[in-house]
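K.L.:
fold the following, please.
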Amino acid sequence: MKVSKLAANLIGSEIVKIGNEVNDLKAKGAEIANLTIGDLNSNIYPIPALLKEEIQKAYQNNLTNYPPANGLLSLRKEVSKDLKKRWNLDYSPEDILITAGSRPLIYAVYKTIVDEGDKVVYPTPSWNNNHYAYLTSANAVEVKTKPETNFLPTADDLRPHLDGAVLLALCSPLNPTGTMFTREQLSEICELVIAENKKRGADEKPLYLMYDQIYSCLTFGAEHVDPVSLFPEMKDYTIYIDGISKCLAATGVRVGWGFGPSHILDKMKALLTHVGAWAPKPEQEATAKFYENSENVDTFVEDFKGKLEESLKVLHNGVQDLKGKGLSVDSIEPMGALYLTIKLNYIGKTKPDGAVIENSSDLVFYLINEAGVALVPFSAFGEDKSEPWFRASVGGLATDEIKVMLPKLESALNNLK
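P.N.:
This next block holds a predicted model:
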């Protein structure tokens, strides 16, 4: 049966494919250390108790009708106050849009800015930009990054590609790597964006920057930097993606916010009224109540990110121990988010049954079956399947589970010849 060309050519998610394999094996009784999903085990990392109480109270008070299309004013006011306090960013409640997590915001940025054939620039590895570019029929320009720069694009990487582009999509801390822009790196990129926009006429689209900082509160000693704080003139061109999904361990609560130039945010709001992508009213009400006292956020985040950092360090140190034993592995020290970047240089090796590990996907499924360890290859984030780099998310496991998993990984890798 025929469907639309867009639907017919959608690329399936490699992460979902891996997740299905993990779930099938778990259903058969297998013990799998699932490091694939960018989510959190809510039994290990529950949302703040006060936030939960406020959500329940909002339902008890029958706040179950439609919220305003751009979000509850009470929440937009609290977000505006938090942006000023936390990052010294000045955005009025009118320039903030509340949605059901960050995905509708990213989709709306693409649909608001990008016409068919317009050039969109983003680095690889990065999360889902290839899919959003496809959904908007964009001319996608993927800029390959290097481990030497923590898989973050430099100004030199981007410079050849910005002429005529309408959107540059960046994320820091970065999904999938857990690495972050330095002040110098991001400053040089912003200078490129400013210079490019100065070249354009009044009848041309600007080059906009979508800056995803959904993990901005989950940093481990490194400084989170953002475009407008570095260059106030970037305010005309920057659309931010943010929310509570990661910083409050609230991935399923679905409260996100975007903020940026009024003319862009107004069109995003109009677009999403036809999608119905607003966050539920009780969750918005509860989030507003929770943010009324900034100490609620700060106290929870400090404890939460401390636990994440501990798990990431255990995993990173474990990989480095394997490297010290002579295994062909490496990892990049985590700077933020939930993720560790791991190198497993075993593509081309032979399994005990004689079959060859031909690509990163083969290695993923070998490790699932032989070590009970599930990772996501960087091919899920735009890289080639020949690349030996993988994302490990610690959000679904307790630290003790990571410690138990490491010897199994070592054994399975040692069995490859």
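K.L.:
tell me which stretches of the stretch 301-417 of the chain form strands.
P.N.:
329-332, 339-344, 373-374, 376-377, 389-393 (DSSP state E, counting those that start in this stretch).
K.L.:
and the third one, how far from the chain's centre?
P.N.:
Going back to what we said before, that points to strand 373-374. Distance of strand 373-374 from its chain centroid, counting by C-alpha atoms, centre = their mean, to the nearest Å, is 20 Å.
K.L.:
coming back round to it: make TSV from the strands of the stretch 301-417 of the chain and add mean neighbour count, distance to E54 and mean pLDDT to it.
P.N.:
In short, each C-beta sits where N, CA and C put it, glycine included. Formatted as TSV, these follow (neighbours: other C-beta atoms under 10 Å; distance: least, C-beta to C-beta, whole Å; pLDDT from 0 to 100):
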stretch	mean neighbour count	distance to E54	mean pLDDT
strand 329-332	20	38	98
strand 339-344	24	30	98
strand 373-374	24	35	96
strand 376-377	26	34	96
strand 389-393	25	28	98
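K.L.:
okay, domains of this protein per the record?
P.N.:
Taking the TED database as the criterion, the chain consists of the domains 5-45+299-415, 49-293.
K.L.:
tell me the mean pLDDT over stretch 193-210?
P.N.:
In this model, stretch 193-210 carries a mean pLDDT of 97.
K.L.:
quick one: contacts of it?
P.N.:
106, 109, 113, 118, 162-163, 165-170, 190, 227, 231, 233-234, 236-239, 241, 264 (C-beta atoms under 8 Å, 6 or more residues apart in numbering).
K.L.:
residue closest to the middle of this structure?
P.N.:
By C-alpha atoms, centre = their mean, the chain has its centre lying nearest to N175, at 4.0 Å.
K.L.:
was I right about it contacting V376?
P.N.:
No - look at N175 against V376 with C-beta atoms under 8 Å: they stay out of range, at 10.4 Å.
K.L.:
buried ones in the lengthiest helix in the chain?
P.N.:
What stands out as the longest helix in the chain, according to DSSP state H, is helix 294-324. Under the neighbour-count criterion of 16 or more other C-beta atoms under 10 Å, helix 294-324 has 296-297, 300-301, 304-305, 308-309, 311-316, 318-319, 322 buried.
K.L.:
neighbours of K408, how many?
P.N.:
As a burial measure, K408 scores 16 neighbours (other C-beta atoms under 10 Å).
K.L.:
how about it, nearest residue that isn't a chain neighbour?
P.N.:
Computed as C-beta to C-beta, 6 or more residues apart in numbering, the closest residue to K408 that is not its neighbour in sequence is A371, at 4.4 Å.
K.L.:
tell me how far the one you found lies from I32.
P.N.:
Distance from A371 to I32, counting by C-beta to C-beta, to the nearest Å: 9 Å.
K.L.:
now for the worst-scoring helix or strand of the chain on mean pLDDT, which elements pack on it?
P.N.:
Ranking every helix and strand in the chain by mean pLDDT, DSSP states H and E puts helix 14-27 at the bottom, with a mean of 84. Judged by 3 or more C-beta pairs under 8 Å, 6 or more residues apart in numbering; DSSP states H and E, helix 14-27 is in contact with helix 360-371, strand 373-374, strand 376-377.
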